[in-house]
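Asks: Quick one: sequence and predicted model below, then my questions.
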Amino acid sequence: MDKKQYKGRGFDRPFKRPFGGAPKFKRFGGSGRGGSRNNRFSQRIDPSRFINKAVITEEIENFKPEHLFKDFLIDESLKNAVVKKGYTLPTPIQDRAIPHVLSGADVFGVANTGTGKTAAFLIPLINKVLLNRREQILIIVPTRELAIQIDSELKGFTLGMKIFSVCCVGGASIRNQISELKYRNEFIIGTPGRLKDLIDRKMIRLSEYNTLVLDEADRMLDMGFVDDMRAIMQGMSKSRQTLFFSATVSNDIESLIGEFLRQPVRISVKTRDTAKNVDQDVVRVGNGKIKIDVLHDLLNQKEFSKVLIFGQTKHGVERLSKMLIQKGFKAESIHGDKNHSKRQQALKLFKDNHVQILVATDVAARGLDIADVSHVINYDLPATYDDYVHRIGRTGRGNKKGKALTFLG
């Protein structure tokens, strides 16, 4: 009988976070696992770093790939799936990472956001499963939205291949996830806290997993997930293949690379902090002006067709969203106080262009691939420059031009 007929139904219940409390390793930052980032120490950012005129140039200094997708040593069915997805030439990170992942090497990859990191590890790992049906792969990411997005992309590549996956994230029914885990899944994609819970319930046997992917590892450290990450890695085989992919690098990430990767191949195709095709500027709110009125005037301009607005706090984001709706805009919000289904609904409405504006905390700053975002607006200042880089990376994706505005004053 089809595996999908056995999925759990209707067993939803509130998710109780296990292993609460602040992380022991304070040097990694964060305010406790999954906690609010508002408790972090803010970094003063020179306002001049928010101003940068877009320059449309060829990617990675007139980049010419060394490979075509048809050249990679992957299964023919996977090559066909790649073509059907509309992939022609590999992006720089795909071109350089895929051969090393196929060879079984540990890889540490750094690339600007929106440059195809997900496919850079999914394509070779799908091939790994096609070559050995006993292979099982664990992918760990910081947010449920990113996990769901990777799972969706995986399913797009593996149609008809009988490769199964389960998405294990907080905020969704743990009983449904337990039901799915009773059947074989070649890929498990999840967030650290929920994965740790399922491991402790003995629903995931780490010894069966020989491949580990940590995507946006720096964000997981920032959120205080370091203990959970260590516990998961320690339960896996020492001979595993480990892949790190991130848009930024820090001293803490370098420490973890030395701790968890074996002679990794280092790949960096990052040319600068922010994409060249994102036009960056500031909006100065002068004396006598009201911030929401300045925002209102901007959003009424025709070119502000699909706008992602970032705020600092959950309550502030929800309040701003309601104010914009009262002013006649079609807006939605996404933040940590919204449950899983409402967050997914808000994202879908924004992605499908049913609303013009999505107001979000930094939960939406990393990894999400939303097409045709015309503007990113930092209504509240980001806590760190890395946060700024990730926020504005939601626009100007691929070869398209985008604009980022940061409110000052």
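Replies: Nice, thanks for sending it over.
Asks: Distance-wise, check Gln344 relative to Glu145.
Replies: 8 Å (C-beta to C-beta, to the nearest Å). Backbone N, C-alpha and C define where each C-beta goes, glycine included.
Asks: okay, the two: which has more neighbours?
Replies: The residue with more neighbours, out of Gln344 and Glu145, is Glu145; 22 against 17, by other C-beta atoms under 10 Å.
Asks: Spatially nearest residue to the more buried one, not counting backbone neighbours?
Replies: Computed as C-beta to C-beta, 6 or more residues apart in numbering, the closest residue to Glu145 that is not its neighbour in sequence is Leu368, at 5.7 Å.
Asks: per-residue confidence at the one you found?
Replies: Per-residue confidence (pLDDT) for Leu368: 73.
Asks: all helices of the protein, in order?
Replies: 59-62, 76-84, 92-102, 117-131, 144-157, 174-181, 192-200, 217-222, 226-234, 251-260, 291-299, 314-326, 340-351, 385-392 (DSSP state H).
Asks: Give the rounded mean pLDDT of the fifth one.
Replies: In this case it means helix 144-157. 93.
Asks: Send me that helix as PDB with only the CA atoms.
Replies: Extracted C-alpha coordinates of helix 144-157, given in PDB (Å, rounded to 0.1, in the frame of the first residue of the first chain):
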ATOM      1  CA  ARG A 144      10.600  26.000   9.600                       C
ATOM      2  CA  GLU A 145      10.000  28.100   6.500                       C
ATOM      3  CA  LEU A 146      13.400  27.200   5.100                       C
ATOM      4  CA  ALA A 147      12.900  23.500   6.000                       C
ATOM      5  CA  ILE A 148       9.600  23.500   4.100                       C
ATOM      6  CA  GLN A 149      11.100  25.300   1.200                       C
ATOM      7  CA  ILE A 150      14.000  22.800   0.900                       C
ATOM      8  CA  ASP A 151      11.500  19.900   1.200                       C
ATOM      9  CA  SER A 152       9.400  21.400  -1.600                       C
ATOM     10  CA  GLU A 153      12.500  21.800  -3.900                       C
ATOM     11  CA  LEU A 154      13.500  18.200  -3.100                       C
ATOM     12  CA  LYS A 155      10.100  16.900  -4.100                       C
ATOM     13  CA  GLY A 156      10.400  18.900  -7.400                       C
ATOM     14  CA  PHE A 157      13.600  17.100  -8.300                       C
END
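Asks: distance of the spatially closest residue to Glu332 that is not a sequence neighbour from Leu324?
Replies: Spatial nearest neighbour of Glu332, excluding adjacent residues (C-beta to C-beta, 6+ apart): Ala346 at 4.0 Å. Distance, Ala346 to Leu324, using C-beta to C-beta: 13 Å.
Asks: just Asp380 next, same as before
Replies: The gap separating Asp380 from Leu324 is 15 Å, by C-beta to C-beta.
Asks: So which bits of stretch 346-359 are buried?
Replies: Ala346, Leu347, Phe350, Lys351, Val355, Gln356, Ile357, Leu358, Val359 (16 or more other C-beta atoms under 10 Å).
Asks: how about the closest residue to the fifth one other than its chain neighbours, what does it touch?
Replies: Across the structure, with C-beta to C-beta, 6+ apart as the measure, the residue nearest Val355 apart from its sequence neighbours is Lys330 (4.3 Å). For Lys330, the contacting residues are His354, Val355, Gln356, Ile357, taking C-beta atoms under 8 Å, 6 or more residues apart in numbering as the criterion.
Asks: gap between Lys330 and Gly170?
Replies: From Lys330 to Gly170 the distance is 29 Å (C-beta to C-beta).
Asks: Counting neighbours around each, name which of Asp380 and Leu324 comes out higher.
Replies: A direct count of neighbours by other C-beta under 10 Å for Asp380 and Leu324 places Leu324 higher, at 24 against 18.
Asks: Quick check: that one vs Glu303, distance?
Replies: Following C-beta to C-beta, the distance that separates Leu324 from Glu303 is 17 Å.
Asks: Same question for Glu254.
Replies: From Glu254 to Glu303 the distance is 41 Å (C-beta to C-beta).
Asks: my guess is Ala172 meets His340, correct?
Replies: Yes - between Ala172 and His340 there is a contact under C-beta atoms under 8 Å: 4.7 Å.
Asks: okay, and the common contacts of these two?
Replies: Arg144.
Asks: More neighbours: which of those two?
Replies: Comparing Ala172 with His340 by neighbour count (other C-beta under 10 Å), the higher total belongs to Ala172, at 20 against 17.
Asks: mind checking how far that one is from Glu153?
Replies: Distance from Ala172 to Glu153, by C-beta to C-beta: 18 Å.
Asks: How about Gly171?
Replies: Counting by C-beta to C-beta, the gap from Gly171 to Glu153 is 20 Å.
Asks: Next: Tyr388.
Replies: 26 Å.
Asks: of those two, who's got more company?
Replies: Comparing Tyr388 with Glu153 by other C-beta under 10 Å, the one with more neighbours is Tyr388, at 25 against 16.
Asks: burial count for the residue lying closest to that one once chain neighbours are set aside?
Replies: Leaving out its chain neighbours, the residue that sits closest to Tyr388 by C-beta to C-beta, 6+ apart is Pro382, at 4.4 Å. Applying other C-beta under 10 Å, we find 23 residues neighbouring Pro382.
Asks: Ramachandran angles for Pro382?
Replies: Per-residue torsions, Pro382: phi -70, psi 160 (degrees, to the nearest 10).
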